[in-house]
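> The following block contains a protein sequence and its predicted model.
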Amino acid sequence: VSLNIEQRARYAEKLAFRKISSSSLDWGPVLLRLGCAVTLGLSAFGGLPRHGTTLWTEPTLFVPDMQLSLVIGWDWLATAQYIIAIMLLFGFAIRLASLGVIGLALIGCVVFGRDFIMHYAFHFIAPALVLLICGAGKLSLDALINWPALTLKKPAPKVLWYLIQVMTGMTFVALAVDVKFLQPTLLIAILDHAKLNFFYIPTPWVALIMMMIEFLAGALLALGYLVRPISLFLLGAMIFFAVALGENPALHGNLFGLMLFLLAHGGKRFYPGLTVMRFRRLFKIRKLGEL
């Protein structure tokens, strides 16, 4: 069904986003680095604490769950985050800042282990890779200074764009399986606490539907299909739940920036020739009902 929709809507999408897409490499990185800068900067000062922790008292690495006070000897990561956030904010030496974000994410994988790797790391590495490829964009010190060393002379290899999509999409898949499917009681408790009413559907069913939607969205995003519609949908979902649950929107600044960039720029499909008919032949499916 998704392939069919993508096939039919491809031309209309290109036509609608033609002007936006042409300037996406100028303004997309601006939105992306601002989103990342806000998240990193607030985390460095304890401005994004986990529930029950006093504001501005517990510096974290990127996200509330990764408190630096729980790992001895890694307090300096807060200072590193702050410096990188300033570089991102002003668009100064952006490719060095991007490498810094990737370095912090890799350190986080070592220090915090499995949960950080599966749930968070690649949602910060992917935006950093985008900035590494595209630069700081407009309204940046890099654009003002115009240093040749800060500009990539050749277009980035397609494999890097594929890698960005895979890291972004598969992290959503991992969150869907590891958190919403294997730990449904946590999501059910959050939904019950917020008293959200989804057309009177029982909360366990809502949690299951959310898991399936996130899994499908992540998988399609990883493959480069329906990138713009999925980016728009995920933006709307994140905004809705941030308002409904009373979360600080800066918690997902990196994802807001990344989804806005993908919405403007679009994605690259792994197998552009894949159609509904070829999909059926590949899996020997005669009718869609057989799925």
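In hand now; what should we look at? Numbers count the residues shown, from 1 in each chain.
> could you give the mean pLDDT of the helix or strand containing I84?
Using DSSP states H and E, I84 maps to helix 76-90. The pLDDT scores in helix 76-90 average 97.
> Neighbours of the nearest residue to L196 once chain neighbours are set aside, how many?
Closest residue in space to L196, ignoring its immediate chain neighbours: A244 at 5.8 Å, by CB to CB, 6 or more residues apart in numbering. Backbone N, C-alpha and C define where each C-beta goes, glycine included. Per other CB atoms under 10 Å, the neighbour tally for A244 reads 12.
> next one: L234
So L234, with other CB under 10 Å, has 24 neighbours.
> helices and strands around the helix or strand harbouring it, which ones?
Assigned by DSSP H and E, L234 belongs to helix 227-244. Judged by 3 or more CB pairs under 8 Å, 6 or more residues apart in numbering; DSSP states H and E, helix 227-244 is in contact with helix 2-16, helix 203-223, helix 253-265.
> hmm, try it at 7 Å
helix 203-223, helix 253-265 (3 or more CB pairs under 7 Å, 6 or more residues apart in numbering; DSSP states H and E).
> Report the central residue of the chain.
Centroid-nearest residue in the chain, with CA atoms, centre = their mean: L255, separated by 3.6 Å.
> Which residues are in contact with that residue?
Residues in contact with L255 (CB atoms under 7 Å, 6 or more residues apart in numbering) are H123, M238.
> same thing but at 8 Å, please
G35, H123, L234, M238 (CB atoms under 8 Å, 6 or more residues apart in numbering).
> The nearest residue to the last one once chain neighbours are set aside: neighbouring residues, count only.
By that I understand M238. Using CB to CB, 6+ apart and skipping residues adjacent in sequence, the residue nearest M238 is H252, 5.3 Å away. Using other CB under 10 Å, H252 is surrounded by 22 other residues.
> and the gap between H252 and G103?
Taking CB to CB, to the nearest Å as the measure, H252 falls 22 Å from G103.
> now whatever helix or strand S98 lives in and helix 253-265, what's the angle there?
Assigned by DSSP H and E, S98 falls within helix 94-112. Using axes from the mean of the first three to the mean of the last three CA atoms, to 10 degrees, the inter-axis angle of helix 94-112 relative to helix 253-265 is 130 degrees.
> For helix 94-112, name the packing helices and strands.
helix 24-44, helix 76-90, helix 122-134.
> Of all the ones you listed, which one comes closest to F112?
helix 76-90 (10.7 Å; CB to CB).
> pLDDT weak spots in the stretch 51-200 of the chain?
147-155 (pLDDT under 70).
> Could you tell me how many residues sit around V173?
Count around V173 with other CB under 10 Å applied: 18.
> Now do the same contact list for it.
E214, F215, G218, A219, A222.
> Export those residues to JSON lines and append columns for distance to V63, neighbour count and pLDDT.
Below are the contacts of V173 laid out as JSON lines (distance: CB to CB, whole Å; neighbours: other CB atoms under 10 Å; pLDDT from 0 to 100):
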{"residue": "E214", "distance to V63": "17", "neighbour count": "21", "pLDDT": "96"}
{"residue": "F215", "distance to V63": "21", "neighbour count": "18", "pLDDT": "96"}
{"residue": "G218", "distance to V63": "18", "neighbour count": "22", "pLDDT": "96"}
{"residue": "A219", "distance to V63": "23", "neighbour count": "17", "pLDDT": "94"}
{"residue": "A222", "distance to V63": "21", "neighbour count": "20", "pLDDT": "94"}
